[in-house]
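1. The sequence and its predicted three-dimensional model are supplied below.
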Amino acid sequence: MKRIVILVSGRGSNMRAIVSRCRGEGWPAEVVAVLADRAGAAGLAWAAEQGIATAAVEFKAFAKRDEFDATLAEAIDAHAPDLVVLAGFMRILGAAFVRRYEGRMLNIHPSLLPAFPGLHTHRRALEAGCKAVGATVHFVTPELDHGPIVMQSVVPVRAGDDEAALAARVLATEHVIYPLSVRWFVEDELQVEGGIVRHRRGASQLLA
Ligand code: GAR
């Protein structure tokens, strides 16, 4: 059984989707802990109700980011994970932290990377006149919202869309591509070569 630790900052809808699929589909894996950078993260309460170990490493309690990173790494390592899943974890992580989990840490970002890394992706996509937007699951590298792409979803931008409408349309696809990507990881279906991720048996890595 692969051990998964999920990091959240907020409501944790992606985390919930992963926990539900993992249990419902009988993956060879278990979500052993959900951690957050603040005790008030709604996702923590949900995970605790599911009987999953939870902990908060309060970002604001640390004067230096390196110290936060080191304490977070300790909290993660206490659960000996095979995979660390960033699910709406809104902290920039230092290079040493990222290297520690190289090849075994995934993130989801609500844009078609490499377009629009960082914040306010949907607003920026609307301002740029994009006709399609989407989400990306990727392995984490030290560069923010960057790294080998596991899967992407694409949705149309419709006339009259505002940020909230786009965010909701994209989020619905996140709940499909993130659990599937995590499942592929724990089932050892992913191969990374030269920065390119392929599914060993050729499954489509695009949801469109
Ligand atoms: C999701 O849309 C996720 O893609 C985004 O935060 C939201 C978290 O929602 N992540 C990022 O912007 C990371 N750069 P959730 O807490 O309901 O899963």
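-> Thanks, I have it. None of these values were measured; they are calculated from a predicted model. Numbers count the residues shown, from 1 in each chain.
2. Skipping adjacent residues, who's closest to P117 in space?
-> D145 (3.5 Å; Cβ to Cβ, 6 or more residues apart in numbering). For glycine as for every other residue, the C-beta is placed from the backbone atoms N, C-alpha and C.
3. can you pull the contacts of the one you found?
-> By Cβ atoms under 8 Å, 6 or more residues apart in numbering, D145 lies in contact with N107, H109, S111, L113, P117, G118, H138.
4. Name the residues of this protein found near the ligand, please.
-> Along the chain, the residues adjacent to the ligand under the rule Cβ under 6 Å from any ligand atom are 8, 10-14, 87-88, 108-110, 135, 145, 171, 174.
5. out of those residues, which are inside helices?
-> Judged by DSSP state H, those include S13, N14, L171, E174 as members of helices.
6. Could I have the buried ones of those residues as PyMOL selection syntax?
-> Here is the PyMOL selection string for the buried members of those, based on 16 or more other Cβ atoms under 10 Å:
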select buried, resi 13+14+171+174
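7. wouldn't V154 be in contact with G134 here?
-> Yes - contact criterion Cβ atoms under 8 Å: V154 and G134 qualify, at 4.3 Å.
8. Between these two, which contacts overlap?
-> Counting by Cβ under 8 Å, 6+ apart, the shared contacts of V154 and G134 are L112.
9. Mind telling me which residue of the protein is nearest the ligand?
-> Scanning the chain for proximity to the ligand using Cβ to the nearest ligand atom identifies G88 as nearest, at 2.6 Å.
10. Next, the contact list for that residue, please.
-> G88 neighbours (Cβ under 8 Å, 6+ apart): V8, S9, G10, R11, G12, S13, N14, M15, G43, I108.
11. now stretch 106-115, how far from the chain's geometric center?
-> Mean C-alpha position of stretch 106-115 versus that of the full chain (Cα atoms, centre = their mean, to the nearest Å) differs by 9 Å.
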